[in-house]
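*Asks:* From the sequence below, what's the structure:
(2 chains)
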2 protein chains.
Amino acid sequence: MTVASGIPNGDAAKSAPVARRLASVYSEVQRSRLDHSLPLPSVLKNSFKVVDGSPSSAAGNPDEIAKLFPCLFGQPSAVIVPSEAAELSAEQKLKIGVVLSGGQAPGGHNVISGMFDYLQEKTKGSILYGFRGGPAGIMKCKYVELTPEFIYPYRNQGGFDMICSGRDKIETPEQFRQAEETAVKLDLDGLVVIGGDDSNTNACLLAENFSKNLKTKVIGCPKTIDGDLKCKEVPTSFGFDTACKIYSEMIGNVMIDARSTGKYYHFVRLMGRAASHITLECALQTHPNITIIGEEVAQKKLTLKNVTDYIVDVICKRSELNYNYGVTLIPEGLIDFIPEVQQLIAELNEILAHEVVDEAGIWKQKLQPQSLELFEFLPEAIQEQLMLERDPHGNVQVAKIETEKMLIQMVETELEKRKLAGTFKGQFKGQSHFFGYEGRCGLPSNFDSTYCYALGYAAGALLHSGKTGLISSVGNLGAPVEEWTVGGTALTSLMDVERRHGKNKPVIKKAMVELDGAPFKKFASFRDEWALKNRYISPGPIQFVGPVADAINHTLLLELGAQA
Amino acid sequence: MTVASGIPNGDAAKSAPVARRLASVYSEVQRSRLDHSLPLPSVLKNSFKVVDGSPSSAAGNPDEIAKLFPCLFGQPSAVIVPSEAAELSAEQKLKIGVVLSGGQAPGGHNVISGMFDYLQEKTKGSILYGFRGGPAGIMKCKYVELTPEFIYPYRNQGGFDMICSGRDKIETPEQFRQAEETAVKLDLDGLVVIGGDDSNTNACLLAENFSKNLKTKVIGCPKTIDGDLKCKEVPTSFGFDTACKIYSEMIGNVMIDARSTGKYYHFVRLMGRAASHITLECALQTHPNITIIGEEVAQKKLTLKNVTDYIVDVICKRSELNYNYGVTLIPEGLIDFIPEVQQLIAELNEILAHEVVDEAGIWKQKLQPQSLELFEFLPEAIQEQLMLERDPHGNVQVAKIETEKMLIQMVETELEKRKLAGTFKGQFKGQSHFFGYEGRCGLPSNFDSTYCYALGYAAGALLHSGKTGLISSVGNLGAPVEEWTVGGTALTSLMDVERRHGKNKPVIKKAMVELDGAPFKKFASFRDEWALKNRYISPGPIQFVGPVADAINHTLLLELGAQA
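*Replies:* As a prediction, the model looks like this:
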């Protein structure tokens, strides 16, 4: 059986008991995905060697990053290139650990499958440990040894349930010591951290720390449905493709419903707290009438009133065309992008921590005039949410604020005014939706399945060649899989520093939606047309076979096109 | 080009302008569906004749139904059977109207396509009018003449946007007169009403009415995602299959997320106000930990406290197994099934219509003791919803009550008590979802595509043979399409009377979930296992090609099996 088929030790894995178990707990589509073949980039299919790429610096403050990562800073990227003969020893037996860190994203299981297959193919006799429940599993040395039988049922499946995930961080000296203990106890040659920006920052810190006195190398993998962990060498994070396709399926269905019924405005909030990539991609896939992009709101310093007016203006213009329906997309993190809301929340946190909140509302005099005005502008339910719900640190839980319902209420209020003024003669009925959990654990698209498998396979190769502090990087993604490029990028090159509690803290900067980037520019050039003419597109459910199964998302395609 | 390919006049339909338009507004999956071939039952592919089946009565009160439908009552069903030569004249030119009535369901466009193709193939030169915006389009004579170019872009597409739908009823003598005027004006030989139980009741009244002095025949088609319009001859309503598959895709994704994260209980409310078929089908497809079936709640006369306790008991048992996560399915209409809630709402409607609701709550003394107790048991937000939101008739808008959030709050309260009592030591975090609009306009599954096409084709044949007052009936659905049976069932045979405002009103009785039916019995035999062991199944996105594309839903399969 060849590597490309993706199922080494297939006979053992597909034993009768496994087959029986799968028959009872898997749907037919899940089962059909198990044996979906995973093509590898040509460079990984044949003999290769790992060579140095260009030297690296940092995304910002290179001097500070150099101080924080004295061992790792400046190391070149790694490039996997064809070679006459295999350069890495097939005799070497490696002990490798892998951990899933943070929120789920479709494809995580395939990264692990790719690593596993690499080890089976290239360093037979190696061991792969899966740390359970995220980074806490490393600290507590909670793990499972991954076998073909264990891994097989998770191939091309959604979710992180093979070894589960967690949101713990390895931060304190004590926690680093625990991680070291585990590395020593398991005699780890390497560790692969599959995670987002925070987790990869953590991976880099571990790599730096381990490099001082341990043999354990650390490699990161770019995961997040939010799509905000990317750079030139890492064109996309895995999971983004699948999640956006799932959300777009739902949005497309809702659009056709809106047009068929003719009487509802659907307000769809989409996951993506920090960056609005998901909302932008879904807009490109479906052509909604109204789309709010957080980064644009922030850059133009829009107020909540501005955003409301923009929506209401479109609704009024549509009603003149006899369209009393439509679809609006809103990023989960919208509120975080509006400066005046941030100011109000900061003032409320302060007041609630120190003042008595009286029924009569005298406490409101403590608010700055602009914040008071905004507070009074908000619907009552949102006022209550801002007053009541606090996390353990005393902060408003912004993610719990149902922005889509808030906007519906504010739009209703504004439309009432315009009705009285005679400038709106239509009808408005809002329907709210939040799409989030539905997309994080779907069956990965063919793209995510293949991309993740290559990321994992590459991570195996990078560890095999003794690399550390790199993030697995697969590029040239617009080309056929055979032509994809493979290597590793210095994690320090993605870093900048942030000042926190008087200390310089290294962070991988989130990749935000760029207003001069190709995806936003395409959206911006079409949105006025989409607002008034109905150009709804219904992408339909993800297909795994047939002519459309291998299509990749617009954001990636446009960004690759702009680079080319 | 053959009928089975589903594209008569394909060259005209797929003209360059049409192709250009589709390229810009259709996704690749939408486009790929346009030419999906629609097989017909053998009996419709070859020469056939329409013969009488067994005579019919009524679902209840046959004497009353006989009085209400003197022309139609007792007519036999129609059966389409093979014949040596075509019996119906190909020379006859028919003028037929079609209307979509009520809520959207995937497949409606294919019913129209099936009718259209029948007319093109068997009565060349016939005309098909599509009434716009539902029954109001009949009354106002608002229509479009359907042509190949017009219909082609909607083949196998979701939504009702080809001619849109509406919820108006043709009820008053004046409205019947308007409908007659339209029938006369357009010289209609027939009218096909695509709708649910109410719309088919209306179709039957129209058929009866027209039969007195018009040539216009009326045929119904069984449409509703709710699955509550069915009988022996009509094994399922169209749209149910697709909608349940879309909801189950989402539920499956959420389940894998729950298991991966390990810390959330997802409460999923599903469309289906009157009957719980959707919830039951989704449970059979996905195996949730907790499923509430409205009909069981009603039959066992459960209180809201009983339902809450059932959920809390499962949560407590799961937490002993260290599962602090899970998935719960709830039918939209749950509240309607709980007698005590109905009682409370009735009392509130009365009080709010006549009493002053004082801040101090003295008005509550007007409530019966049991209703007061229930009212106090409800979360504050639900109390407010019950007090505030009234429809134009002064009634509570039950559909607007977010039952899933209500249950989460009641579960939280009960778990707090048990925590204090020491009988619950786990964690509980609820996440709420409502899946409804996402499923009504999805691309129809292969089953719904084919089923609808056959329903429409059969409706054409029934009208061609001069039948009226029948509902298009396609049976033997468990067999290959070639073996499906085709005919029409007397609408009066589905009817019973209800006493309303001192008058006998004919109604098609909704088919509720039967607790001794095969689908519920299968669910009931597994639910305890699903509650504590995690048997989650993720059905994945609907596939249109490949080995799993033609599977039909569990409810239909089980009901067919029980019949066989």
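*Asks:* Quick check: residues of the stretch 201-350 of chain A near chain B?
*Replies:* For the stretch 201-350 of chain A, the residues in contact with chain B (C-beta under 8 Å from any C-beta of the partner chain) are A:246, A:249-250, A:252-254, A:256-257, A:259-262, A:264, A:266, A:285. (Each C-beta comes from the backbone N, C-alpha and C, glycine too.)
*Asks:* Any of those residues buried? List them.
*Replies:* A:246, A:249-250, A:252-254, A:256-257, A:259-262, A:264, A:266, A:285 (16 or more other C-beta atoms under 10 Å in any protein chain shown).
*Asks:* out of these, who's nearest A:L302?
*Replies:* Nearest to A:L302 among these, counting by C-beta to C-beta, is A:H266 at 22.1 Å.
*Asks:* Could I get the CA-only coordinates of whichever strand or helix holds the closest one as CSV?
*Replies:* Using DSSP states H and E, A:H266 falls within strand A:265-270. Extracted in CSV, the C-alpha atoms of strand A:265-270 (Å, rounded to 0.1, in the frame of the first residue of the first chain):
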residue,chain,number,x,y,z
TYR,A,265,-34.4,40.3,7.0
HIS,A,266,-32.1,37.7,8.2
PHE,A,267,-29.2,38.9,10.4
VAL,A,268,-26.5,36.3,10.5
ARG,A,269,-23.7,36.6,13.1
LEU,A,270,-20.7,34.5,12.2
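*Asks:* which residues make contact with that strand from outside it?
*Replies:* With C-beta atoms under 8 Å, 6 or more residues apart in numbering or on different chains as the contact definition, strand A:265-270 has outside contacts at A:247, A:250-251, A:254-255, A:257-258, A:278-279, A:282, A:288, A:315, A:325-332, A:402-405, A:407-408, A:411, A:428-436, B:437.
*Asks:* Next secondary structure after that strand?
*Replies:* helix A:277-286.
*Asks:* what inclination does that next one have with respect to strand A:265-270?
*Replies:* 130 degrees (axes from the mean of the first three to the mean of the last three C-alpha atoms, to 10 degrees).
*Asks:* so after helix A:277-286, what's the next helix or strand?
*Replies:* Next along from helix A:277-286, by DSSP H and E: strand A:290-291.
*Asks:* mind checking pLDDT for the residue in the stretch 201-350 of chain A positioned nearest to chain B?
*Replies:* Of all residues in the stretch 201-350 of chain A, the one sitting closest to chain B is A:I256 (3.6 Å; C-beta to the nearest C-beta). We have a pLDDT of 97 for A:I256.
*Asks:* Can I get the one helix or strand it maps to in CSV, CA atoms only?
*Replies:* Assigned by DSSP H and E, A:I256 falls within helix A:240-261. In CSV, the C-alpha atoms belonging to helix A:240-261 read as follows (Å, rounded to 0.1, in the frame of the first residue of the first chain):
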residue,chain,number,x,y,z
PHE,A,240,-11.1,28.0,7.5
ASP,A,241,-12.0,26.5,4.2
THR,A,242,-14.4,23.9,5.6
ALA,A,243,-16.0,26.2,8.2
CYS,A,244,-16.7,29.0,5.7
LYS,A,245,-18.2,26.5,3.3
ILE,A,246,-20.5,25.1,6.0
TYR,A,247,-21.6,28.6,7.1
SER,A,248,-22.1,29.6,3.4
GLU,A,249,-24.2,26.6,2.8
MET,A,250,-26.5,27.8,5.6
ILE,A,251,-26.4,31.4,4.5
GLY,A,252,-27.2,30.4,0.9
ASN,A,253,-30.2,28.4,2.1
VAL,A,254,-31.4,31.3,4.2
MET,A,255,-31.0,33.7,1.2
ILE,A,256,-33.2,31.5,-1.0
ASP,A,257,-35.7,31.4,1.8
ALA,A,258,-35.6,35.2,2.2
ARG,A,259,-36.3,35.6,-1.6
SER,A,260,-39.0,33.0,-1.6
THR,A,261,-40.8,34.4,1.4
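*Asks:* Can you pull the residues of the stretch 351-500 of chain A lying near chain B?
*Replies:* Within the stretch 351-500 of chain A, the positions adjacent to chain B are A:431, A:433, A:437-443 by C-beta under 8 Å from any C-beta.
*Asks:* ok, of these, which one's closest to B:G130?
*Replies:* Lowest distance from B:G130 to those (C-beta to C-beta) belongs to A:Q431, with 26.4 Å.
*Asks:* Got phi/psi on that closest one?
*Replies:* Note on A:Q431: backbone dihedrals following degrees, to the nearest 10 are phi -130, psi 130.
*Asks:* which residues does it bridge with?
*Replies:* A:Q431 has these beta-bridge partners by DSSP bridges: A:H266.
*Asks:* pretty sure it contacts B:R440?
*Replies:* No. With contact defined as C-beta atoms under 8 Å, A:Q431 does not reach B:R440; the gap is 11.9 Å.
*Asks:* Settle it for me: which of the two has more neighbours?
*Replies:* Applying other C-beta atoms under 10 Å in any protein chain shown to A:Q431 and B:R440 shows that B:R440 carries more neighbours, namely 26 against 21.
*Asks:* domain parsing for chain A?
*Replies:* Domain ranges of chain A: A:36-239+A:441-503, A:243-439+A:515-537+A:548-560, per the TED database.
*Asks:* got the end-to-end distance for the last one?
*Replies:* Counting by C-alpha to C-alpha, to the nearest Å, you get 20 Å between the two ends of domain A:243-439+A:515-537+A:548-560.
*Asks:* Tell me how far it lies from the chain's centre.
*Replies:* Chain-centre distance of domain A:243-439+A:515-537+A:548-560: 20 Å, with C-alpha atoms, centre = their mean, to the nearest Å.
*Asks:* where does the closest residue in space to A:G60 that isn't next to it in sequence fall, phi/psi-wise?
*Replies:* Leaving aside its chain neighbours, A:G60 sits nearest to A:D496 (3.4 Å; criterion: C-beta to C-beta, 6 or more residues apart in numbering or on different chains). When read as degrees, to the nearest 10, the backbone of A:D496 gives phi -140, psi 180.
*Asks:* OK, contacts around A:D496?
*Replies:* So A:D496 contacts A:58-61, A:65, A:506-509 (C-beta under 8 Å, 6+ apart).
*Asks:* Filter those down to the ones in helices?
*Replies:* A:I65 (DSSP state H).
*Asks:* Identify the farthest-apart pair in the contacts of A:D496.
*Replies:* It's A:N61 and A:I508 that sit farthest apart of the contacts of A:D496, by C-beta to C-beta, at 13.0 Å.
*Asks:* Settle it for me: which of those two has more neighbours?
*Replies:* More neighbours surround A:I508 than the other of A:N61 and A:I508, with 27 against 16 (other C-beta under 10 Å).
*Asks:* So what sits opposite that one in the bridge?
*Replies:* The partner residues for A:I508, given DSSP bridges, come to A:M495.
*Asks:* That one reaches A:N202, doesn't it?
*Replies:* No. Contact criterion C-beta under 8 Å: A:I508 and A:N202 do not qualify, at 9.8 Å.
*Asks:* list the buried ones in stretch A:182-201?
*Replies:* Within stretch A:182-201, the residues that qualify as buried by neighbour count (16+ other C-beta under 10 Å) are A:182-183, A:186, A:188-201.
*Asks:* next one: stretch A:412-425
*Replies:* So for stretch A:412-425, counting by 16+ other C-beta under 10 Å, buried means A:414-415, A:418, A:424.
*Asks:* and those residues, which of them are in helices?
*Replies:* A:414-415, A:418.
*Asks:* Same list, those residues, but as a markdown table with pLDDT please.
*Replies:* Listed next are those as a markdown table, based on pLDDT from 0 to 100:
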| residue | pLDDT |
| --- | --- |
| A:E414 | 96 |
| A:L415 | 97 |
| A:R418 | 97 |
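*Asks:* Distance to B:Q157 for those residues - can I get that in TSV?
*Replies:* Formatted as TSV, those follow (distance: C-beta to C-beta, whole Å):
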residue	distance to B:Q157
A:E414	35
A:L415	32
A:R418	35
